[in-house]
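**Q** this one's sequence-less:
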């Protein structure tokens with residue numbers, strides 16, 4: 001079972017439209033979706049209306065919420081803006097296998113890397129990997 005940590009932008013995108021493709025993450029078998037209170041709140045404040053926030057709340061009911069993290073130091077070779085550090089640290093603390101994020105500007109240079117046991121990927125890359133693995137491809 002894959003433990004997937006969802007960044008705020010993934011939560012936001014899944015809740016933004018009722019037909020969001022990212023909402024399909026909640027239908028995947030053999031995954032456990034995880035996020036932090038920090039990421040959930042960031043998504044919530046950026047959603048424009050109550051209907052979107054209700055969709056987010058519904059998604060969060062099927063998501064493990066982890067509290068604020070205790071660690072404050074990233075691994076030495078990782079640089080992230082202050083606002084993004086709690087996301088990676090929470091994913092590490094939650095022992096996620098993957099951190100899914102659409103934030104190319106800040107996490108893009110880390111895409112495909114494994115940091116303290118967490119592989120950072122855009123959601124589409126994770127889904128492609130999963131599809132290839134299901135077909136027995138490398």
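**A** Received, thanks. From a predicted model like this one, the values you see are computed outputs, not experimental measurements.
**Q** now do the strands in this structure.
**A** Along the chain, counting by DSSP state E, strands occupy 2-6, 31-36, 64-66, 98-100, 114-115, 118-121.
**Q** highest average neighbour count across those?
**A** Among the strands of the chain, strand 98-100 has the highest mean neighbour count (mean count of other CB atoms under 10 Å), at a mean of 26. Using the backbone N, CA and C atoms, a C-beta is placed for each residue, glycine as well.
**Q** the strands of the chain: which one's closest to residue 107?
**A** Nearest of the strands of the chain to residue 107, taken as CB to CB: strand 118-121 at 5.8 Å.
**Q** which strands or helices does that closest one pack on?
**A** Packing partners of strand 118-121 (3 or more CB pairs under 8 Å, 6 or more residues apart in numbering; DSSP states H and E): helix 85-93, strand 98-100.
**Q** do that again at 7 Å, thanks
**A** Applying 3 or more CB pairs under 7 Å, 6 or more residues apart in numbering; DSSP states H and E, one finds that strand 118-121 makes contact with strand 98-100.
**Q** is it true that residue 118 touches residue 96?
**A** Yes: counting by CB atoms under 7 Å, residue 118 touches residue 96, with 5.4 Å between them.
**Q** show me the shaky parts of the chain.
**A** Where the chain drops to pLDDT under 70, the residues are 68, 70-72.
**Q** and stretch 67-86, how far from the chain's centre?
**A** Taking CA atoms, centre = their mean, to the nearest Å, the mean C-alpha location of stretch 67-86 is offset from the chain mean by 15 Å.
**Q** right, I mislabeled it, should have said stretch 49-65
**A** Relative to its parent chain, stretch 49-65 has a centroid offset of 14 Å by CA atoms, centre = their mean.
**Q** got it, and stretch 76-87?
**A** In terms of CA atoms, centre = their mean, the centre of stretch 76-87 is set 15 Å apart from its chain centre.
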